[in-house]
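[1] A structural model of the following input is requested.
(chains A and B)
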Number of protein chains: 2
Amino acid sequence: MSQATQDVNPNVSVDCAVFGFDNEKLNVLLIEQKMSDKEKVQFALPGDLILDDEGLDGAASRVLKDLTGLSGIFLRQFKAFGDPNRVSDIKDLEFLNSYRSNPQARVITVAYLALVKMDDFKPEASSFAENVFWQDVHTVPSLAFDHNKILNQALDRLRDDFVNHRTGFELLPELFTLGHIQKLYEIILDKELDKRNFRKKILKEKLVKATNQKQTGVLHKPAVLYTLNHEVL
Amino acid sequence: MSQATQDVNPNVSVDCAVFGFDNEKLNVLLIEQKMSDKEKVQFALPGDLILDDEGLDGAASRVLKDLTGLSGIFLRQFKAFGDPNRVSDIKDLEFLNSYRSNPQARVITVAYLALVKMDDFKPEASSFAENVFWQDVHTVPSLAFDHNKILNQALDRLRDDFVNHRTGFELLPELFTLGHIQKLYEIILDKELDKRNFRKKILKEKLVKATNQKQTGVLHKPAVLYTLNHEVL
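    Now for the predicted structure:
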């Protein structure tokens, strides 16, 4: 359904940076926008104008579902973006002209982020999304509007929250090795960590506690399995 | 000047939670709104609609200056508030009816916060602010719109940033005692701290370093003066 028939607010949108973790790398959920000129391709974060009777959090969930089919994702608001020149690319202007009743309106966008296990969600494109796909955050193409900027700031915030608020530890399985948790740190923070120093630090902070179980079915010496220490987290 | 004559965006405003530190308590800058019915009084955070050609950060600085005369304050955006029922109080409706050309428009507000030394700034009311004053955060009256909610979340964020990002340490003088810095923690976090544990923790984190100077002009045994350790901060 075209937005022109809905009671949308012309000046406020939401955009969603949904990060997917697959034990190997960090990915972000992107859409390919339907363009009236089929020769042109434009990628973007899932986002759209809010309706006049919905709150911001509700708008973020609805828009994500409308475009990608995904629901049940805990989206956290992280920043509003309001540069008066957010829209300048010719492809963005064309896209707005085909999908918005007031394409000239200045739009302030409220950006959300989420971090999920990639395997738990199977996105399906709908509405003005031609395609939807997971993209490695290291190889993100040029995106619509200011979405590259939003994505970069979302990544910064994700890392900050991981370090300061331990947001992201829920990605670990119930039982894990110290190697697993080091890998989680390395993927989210995007840097290699020294094994000895990392183990010393993580054990000192008491974020995890050893169980009396060990890995099974491995060829090397089985490692001790740990679990999250929810009292400290 | 009434907003009706300016090129304002009807759907987006900014609000500023400016906290002032006076070595004894934490205060917040409030305005008293000019009401058409002089019998009615309404207090609020300084805030107003954005202009269509200005960015959000610029709008926050301009609005703060327009209403309180203050400039040179580093305002940080912290959250957008967009409950569709943000305006419900009869006094708020009356205020909007006298000051806005489109008083029924739904307004999403982008909230900013700042922390300053109170003595460095002398606010003066102008525009639709009848008065402007510093109020102890413990005795804030009922505020316009959702401003009490915004203020409470600003305080939470201020405390979180103080703990996790050390934002606020610039309130300390160049040289200070461990007693001074404990007082800063107690005022910002709004709780009493155990002297021995606090000192142990602060020295272990190496946030401050001892100088070879001591207090002068005190009746008790002069305490060692410390300075911030900018390498760790």
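[2] mind listing the strands for chain A?
    A:8-21, A:26-33, A:42-44, A:47-51, A:76-81, A:108-117, A:129-136, A:208-214, A:224-228 (DSSP state E).
[3] who touches the fifth one?
    Going back to what we said before, that points to strand A:76-81. Strand A:76-81 is contacted from outside by A:15, A:56-57, A:60, A:108-114, A:146, A:149-150, A:153-154, A:157, B:56, B:77, B:79-80, B:110, using Cβ atoms under 8 Å, 6 or more residues apart in numbering or on different chains. (C-beta placed from N, C-alpha, C; glycine too.)
[4] and for the third one?
    Taking Cβ under 8 Å, 6+ apart as the criterion, the residues outside strand A:42-44 that touch it are A:30-33, A:35, A:91-92, A:95, A:141-145, A:147.
[5] again with stretch A:132-143
    So stretch A:132-143 is contacted by A:19-20, A:22, A:25-32, A:43-46, A:67-69, A:118, A:123-125, A:148, A:151, A:155 (Cβ under 8 Å, 6+ apart).
[6] for the biggest helix by length in chain A, packing partners?
    The longest helix of chain A (DSSP state H) is helix A:147-165. For helix A:147-165, the packing partners by 3 or more Cβ pairs under 8 Å, 6 or more residues apart in numbering or on different chains; DSSP states H and E come out as strand A:8-21, strand A:76-81, strand A:108-117, helix A:178-189, helix B:147-165.
[7] quick check, distance from the last one to the centre of its chain.
    A distance of 9 Å separates the C-alpha centroid of helix B:147-165 from that of its chain, computed with Cα atoms, centre = their mean, to the nearest Å.
[8] and the angle from that helix to strand B:76-81?
    140 degrees (axes from the mean of the first three to the mean of the last three Cα atoms, to 10 degrees).
[9] using CSV, write out every CA atom in helix B:147-165.
    The C-alpha trace of helix B:147-165 is given here as CSV (Å, rounded to 0.1, in the frame of the first residue of the first chain):
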residue,chain,number,x,y,z
HIS,B,147,8.9,17.2,30.7
ASN,B,148,9.0,15.5,34.1
LYS,B,149,9.6,12.2,32.2
ILE,B,150,12.2,13.8,30.0
LEU,B,151,13.9,15.3,33.1
ASN,B,152,14.0,11.9,34.9
GLN,B,153,15.5,10.2,31.9
ALA,B,154,18.0,12.9,31.4
LEU,B,155,19.1,12.4,35.1
ASP,B,156,19.5,8.7,34.5
ARG,B,157,21.6,9.3,31.4
LEU,B,158,23.7,11.9,33.2
ARG,B,159,24.5,9.3,35.9
ASP,B,160,25.2,6.6,33.4
ASP,B,161,27.5,8.8,31.4
PHE,B,162,29.3,9.9,34.6
VAL,B,163,29.9,6.3,35.6
ASN,B,164,30.7,4.8,32.2
HIS,B,165,32.2,7.8,30.3
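[10] show the average pLDDT along it.
    Mean pLDDT, helix B:147-165: 96.
[11] over to the second one?
    Per-residue pLDDT values across strand A:76-81 average out to 98.
[12] just give me the neighbour total for A:D7.
    A:D7: 9 surrounding residues under other Cβ atoms under 10 Å in any protein chain shown.
[13] what sits against it?
    A:D7 touches A:51-53, counting by Cβ under 8 Å, 6+ apart.
[14] how does it look with 10 Å?
    A:51-54 (Cβ atoms under 10 Å, 6 or more residues apart in numbering or on different chains).
[15] one step back: of the contacts of strand A:76-81, just the buried ones, ChimeraX syntax please.
    The buried residues among the contacts of strand A:76-81 can be selected in ChimeraX (16 or more other Cβ atoms under 10 Å in any protein chain shown) with this line:
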select /A:15,56,57,60,108,109,110,111,112,113,114,146,150,153,154,157 /B:56,77,79,80,110
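[16] related to what we said a few turns ago, pull out the buried members of the contacts of stretch A:132-143.
    A:19-20, A:26-32, A:43-46, A:67-69, A:118, A:123, A:125, A:151, A:155.
[17] buried stuff in stretch A:204-220?
    Those would be A:207-208, A:215, for stretch A:204-220 by 16+ other Cβ under 10 Å.
[18] how about residues contacting it?
    In contact with stretch A:204-220 (Cβ under 10 Å, 6+ apart) are residues A:166, A:169, A:172, A:174-181, A:201-203, A:221-233.
[19] buried among those? Make that a ChimeraX selection.
    A single ChimeraX command selects the buried members of these (16+ other Cβ under 10 Å):
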select /A:172,176,177,178,180,181,202,225,226,228
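[20] neighbours around A:S98, how many?
    14.
[21] what's the distance between it and chain B?
    23 Å (Cβ to the nearest Cβ, to the nearest Å).
[22] okay, how far is it across stretch A:142-153, tip to tip?
    Stretch A:142-153 has an end-to-end distance of 15 Å (Cα to Cα, to the nearest Å).
[23] dump the helices and strands packed on helix A:147-165 to a markdown table, plus distance to A:F162.
    Putting these into a markdown table (distance: least, Cβ to Cβ, whole Å) gives the following:
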| stretch | distance to A:F162 |
| --- | --- |
| strand A:8-21 | 11 |
| strand A:76-81 | 13 |
| strand A:108-117 | 8 |
| helix A:178-189 | 5 |
| helix B:147-165 | 12 |
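[24] and those: which comes nearest B:N9?
    Evaluated over the helices and strands packed on helix A:147-165, closeness to B:N9 peaks at strand A:8-21, with 5.8 Å, by Cβ to Cβ.
[25] any part of the closest one near chain B?
    Yes: for a cut-off given as Cβ under 10 Å from any Cβ of the partner chain, strand A:8-21 has contacts with chain B, namely A:9-12, A:14.
[26] same list (the residues you listed) but as JSON lines, adding pLDDT.
    What follows is those, written out as JSON lines (pLDDT from 0 to 100):
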{"residue": "A:N9", "pLDDT": "95"}
{"residue": "A:P10", "pLDDT": "94"}
{"residue": "A:N11", "pLDDT": "96"}
{"residue": "A:V12", "pLDDT": "97"}
{"residue": "A:V14", "pLDDT": "98"}
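[27] most neighbours among those residues, which one is it?
    Taking other Cβ under 10 Å as the neighbour criterion, A:V14 ranks highest of the residues of strand A:8-21 next to chain B with 29 neighbours.
[28] could you point out where chain A is predicted with low confidence?
    Scanning chain A for pLDDT under 70 picks out A:1-6.
[29] quick one on the thing from earlier: out of the strands of chain A, nearest to B:D194?
    Nearest to B:D194, of the strands of chain A and by Cβ to Cβ, is strand A:208-214 at 26.9 Å.
[30] the closest one pairs with which strands, parallel or anti?
    strand A:224-228 (antiparallel) (DSSP bridges).
[31] could I have the strand it pairs with exported to CSV, CA atoms only?
    These are the backbone C-alpha positions of strand A:224-228, laid out as CSV (Å, rounded to 0.1, in the frame of the first residue of the first chain):
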residue,chain,number,x,y,z
VAL,A,224,35.7,-26.4,30.7
LEU,A,225,32.2,-25.0,30.0
TYR,A,226,31.2,-21.8,31.6
THR,A,227,27.8,-20.1,32.1
LEU,A,228,26.9,-16.4,32.6
